[in-house]
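>>> structure of the sequence below:
(chains A and B)
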Amino acid sequence: MGAYLCSMSKVRVRFAPSPTGGLHLGGVRTVLYNYLFAKKNGGDFIVRIEDTDQTRFVEGAEDYIFNCLKWCGMQPDESPLHGGPFAPYRQSERKALYKKYAEQLINDGFAYYAFDTPEELEKMRQDFKTAANPSPQYDGNVRMKMRNSLTLLPEEVEKLLAENTRHVIRIKMPANETISFTDMIHHEVSFDSSLVDDKVLLKADGMPTYHLAVVVDDYLMKITHAFRGEEWLSSAPVHVLLWKYLFGLENMPQWAHLPLIMGPSGKLSKRDGAKYGFPVFAMNWTDPKTNELTEGFKERGFLPEAFVNLLAVLGWNDGTEQELYSMEELVECFSMDRVHAAGAKFDFEKAKWFNQEWIKKSGVESYRLIVKEIFETKGVSINDDVYFTKVLDLVKERCTLLTDFYTQAAFFYAAPSLYDEASVKPKWDNDKKDFFKALISRYSNLAEWGGGAPENEFKNLATEKNIKIGELQMIFRIMLVGSKMGPGVFVIAETMGSAETINRIEKAINVFSQF
RNA sequence: GCCGCGUUGGUCAAGGGGUUAAGACGCCUCCCUUUCACGGAGGAAUCACGGGUUCGAAUCCCGUACGUGGUACCA
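Below is the predicted model of the structure:
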């Protein structure tokens, strides 16, 4: 181990999503680690779209992915959207490239044509299925019993090819070889080649499978480090072999297989979101076919800084006690060898804590517009941004999600329509009523409203009337807010202004007298 | 079934032969505040199991169990 960086070449990493739907937590974290590693090492971050399965194409998914990256603050250096010297960056547009590599493998004896139809494959799986082997593979044990260029006469193969018979190209896995490589997270990993199946490399429609495409494109795009989810580890021996056959092991990128992010019960799926009440995707995603909406962290009220932060430390830490990191700090501190090998269960409670911390940490300016939109969606129009900022500043430390600003501060924009009766009733009597009536006239005559004046006036009057302040303060709060919540009452009164305060006292006196 | 990967409190985790086994989230108690939060002080709670190696194991080795991923002309 040790030096993972090849001293010769510039670091180049890629995030290679297939545009089939929303981008979930694990996906974003994979991008993040790619991005951090690239930036940390002064390298390039490439986004390549792996759309080789035409049956799974989903309208809008690619744009959506780029929107998510943008929201998270990760701009690709090269991508189908941003261009670059290795274009095109969509595998579907690179289709013609792959065939020659597949054919080269055949010529070198590392791959073969297979003419088996889907029905024949299904039959094979049925025929070879036993209790001890419930899912037989197309591998060294069965390939000589199938219809392929290994079993057919050369002239038969020629004929089938000449007739354009549908066929695929499969890798011919060698027998009894140990295939091993060094993973940046798992270290030495090895496989017995006899146990790996003859993966399809080129499909009948001429498109490569992931296995071929990833190797060819990583080579062509000069990728130095390849990071992906651990679900790929099982097929790594195929990729290693292809590198060996095609481009040389010495040119193979350094691999890192990232631990999986788990849901409350097993692998995190978008179903978990609906089931347990937390978002799974970065941003809202509506499936164009089913119209099904899957909630995003953004819409749930997360700050992108918090989202990035919580993802970064889910499976990685720098060995210190620091937990809050900006993107810049992450770039500074990140290293792949401090990434955990084990999967991590996602904890929404902790995720919310990160958001709360970022709300407190950030200036209101950085999210004012988003919160403004939330208010306006709720039917509250914001005309005075100075006042709005003041209000947000007042309540920010009791907000966990951006949407909480509405519940915490809506009372600044509308007098309560409902009062906490149970808290007022036991304290409300004629003395209190007289007090608040007198308070109205005192407040009306107040020359200046700021600088603690409402509080002083309130307290003076209480002393004069010989009522304990504690007896009055809660009532006052409920007059202004409606319930037992919010910042200090006098701060609220000062912020609202005298007219509004007086209005609310008047209104409340009437209501309370009915209790 | 087979193969791969993994296993420190409920969760995220530090620690990689000798530690009172950090810290954070969550939970509980108290303080602050006549509200709710924020903040502060405490508390409960952990090295999956069994064998080795060693004076000494959470740490190294081997098994077992459990979890998880793969086992597609999907990525």
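>>> let me see the contact set for A:Met207.
Contacts for A:Met207 (Cβ atoms under 8 Å, 6 or more residues apart in numbering) come out as A:Thr52, A:Asp53, A:Gln54, A:Gln91, A:Ser92, A:Lys95, A:Tyr98. Placement of C-beta: from N, CA and C, glycine included.
>>> ramachandran coordinates for it?
phi -80, psi 150 (degrees, to the nearest 10).
>>> pLDDT value on it, please?
Per-residue pLDDT puts A:Met207 at 97.
>>> distance of it from A:Ala96?
Per Cβ to Cβ, to the nearest Å, A:Met207 is found 11 Å from A:Ala96.
>>> which other residues reach the worst-scoring helix or strand of chain A on mean pLDDT?
Within chain A, no helix or strand scores below strand A:266-267, which has a mean of 80 by mean pLDDT, DSSP states H and E. Identification of contacts with strand A:266-267 by Cβ under 8 Å, 6+ apart yields A:Leu260.
>>> packing partners for the helix or strand following that strand?
Remark: after strand A:266-267, the chain's next helix or strand is helix A:270-276, criterion DSSP states H and E. If you count contacts as 3 or more Cβ pairs under 8 Å, 6 or more residues apart in numbering; DSSP states H and E, helix A:270-276 packs onto strand A:293-294.
>>> paired strands for the strand it packs on, with orientation please.
strand A:285-286 (antiparallel) (DSSP bridges).
>>> how distant is the partner strand from the center of its chain?
14 Å (Cα atoms, centre = their mean, to the nearest Å).
>>> identify the residues contacting that strand?
Counting by Cβ under 8 Å, 6+ apart, A:Gly21, A:Gly22, A:Leu23, A:Tyr64, A:Glu292, A:Leu293, A:Thr294, A:Gly296 sit against strand A:285-286.
>>> just the buried members of these?
A:Gly21, A:Gly22, A:Leu23, A:Tyr64, A:Thr294, A:Gly296 (16 or more other Cβ atoms under 10 Å).
>>> and which of these is nearest A:His340?
A:Leu23 (21.8 Å; Cβ to Cβ).
>>> count the neighbours of the residue of the stretch 401-515 of chain A found nearest RNA strand B for me.
At 0.8 Å from RNA strand B, A:Gly470 is the closest residue in the stretch 401-515 of chain A, using Cβ to the nearest atom of the strand. If you count neighbours by other Cβ atoms under 10 Å, A:Gly470 ends up with 9.
>>> now do A:Asp434
12.
>>> any idea how far the nearest residue to it once chain neighbours are set aside is from A:Leu439?
Once flanking residues are discounted, A:Asp434 sits nearest to A:Lys465: 7.4 Å by Cβ to Cβ, 6 or more residues apart in numbering. Relative to A:Leu439, A:Lys465 is positioned 10 Å away (Cβ to Cβ).
>>> one step back: for the contacts of strand A:285-286, which one is nearest RNA strand B?
After measuring the contacts of strand A:285-286 against RNA strand B - Cβ to the nearest atom of the strand - the closest member comes out as A:Gly21, at 10.3 Å.
>>> which residues does that closest one contact?
By Cβ under 8 Å, 6+ apart, the neighbours of A:Gly21 are A:Val58, A:Ala61, A:Trp285, A:Asp287.
>>> if I look at the spatially closest residue to the last one that is not a sequence neighbour, how far off is A:Thr286?
The reference is to A:Asp287. Nearest non-adjacent residue to A:Asp287, counting by Cβ to Cβ, 6+ apart: A:Gly21, 6.7 Å away. From A:Gly21 over to A:Thr286 the distance is 10 Å, taken as Cβ to Cβ.
>>> so what pLDDT did the nearest residue to A:Glu397 once chain neighbours are set aside get?
Nearest residue to A:Glu397, sequence neighbours excluded (Cβ to Cβ, 6+ apart): A:Lys360, at 5.5 Å. Confidence at A:Lys360, expressed as pLDDT, is 96.
>>> looking at the buried ones among the contacts of strand A:285-286, which is nearest A:Gln254?
A:Leu23 (24.5 Å).
>>> the closest one against A:Tyr64, yeah?
Yes. Applying Cβ atoms under 8 Å as the test, A:Leu23 and A:Tyr64 come out as touching, 7.0 Å apart.
>>> quick one: common contacting residues for these two?
Contacts common to A:Leu23 and A:Tyr64, judged by Cβ under 8 Å, 6+ apart, are A:Met283, A:Trp285.
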